[in-house]
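1. whatever this is, show me its structure:
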Amino acid sequence: MPVLQEYYIQHRDEGFIVIAVEDGDPTSDIISFVNEYGLTFPVWLDPTYQATDDVFKTKNLPSSYVIDRAGRVRLAWVGAINSANLDKYVTSLIKEQ
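-> Modelled structure (predicted):
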């Protein structure tokens, strides 16, 4: 999450948005996590697992998806995100209009 937070800050003025979806953990734990890491992007709660089950159809967490301006999923990966992969794969998509 710190990597995503940093990348978000660097690219939000270019239209890049991060939306975290948290499923299953108690709200108090999520609030503590958001505060601990200083997250400034939205964190949506999904206590019924609708996003993971119905929308993205994944049981593997963490999972990340890059959705372009037209609403198409352009990239997806499972596991931790690092700065090198964000720079290599996502930055060019941000610049697309």
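2. okay, and the helix or strand of the chain with the least pLDDT?
-> Among the secondary structure pieces of the chain, namely its helices and strands, helix 50 has the lowest mean (mean pLDDT, DSSP states H and E), a mean of 80.
3. who's in contact with the helix or strand following that helix?
-> Read in the C-terminal direction, the helix or strand following helix 50 is strand 63-67, with elements assigned using DSSP states H and E. Strand 63-67 is touched from outside by 52, 56, 73, 74, 75, 76, 77, 78, 81, 89, 90, 93, with contacts defined as Cβ atoms under 8 Å, 6 or more residues apart in numbering. In this view, the C-beta of every residue, glycine as well, is placed from N, C-alpha and C.
4. what's the separation between the residue lying closest to the fifth one once chain neighbours are set aside and residue 33?
-> Read it as residue 75. In space, not counting the residues next to it along the chain, residue 75 is nearest to residue 66; the distance is 3.9 Å by Cβ to Cβ, 6 or more residues apart in numbering. Plainly put, residue 66 is 22 Å away from residue 33 if you go by Cβ to Cβ, to the nearest Å.
5. spit out the contact partners of residue 1.
-> 20, 33, 37, 39.
6. surely the first one and residue 39 touch.
-> Going back to what we said before, that points to residue 20. Yes: between residue 20 and residue 39 there is a contact at 7.2 Å, judged by Cβ atoms under 8 Å.
7. this completes my enquiry, with thanks.
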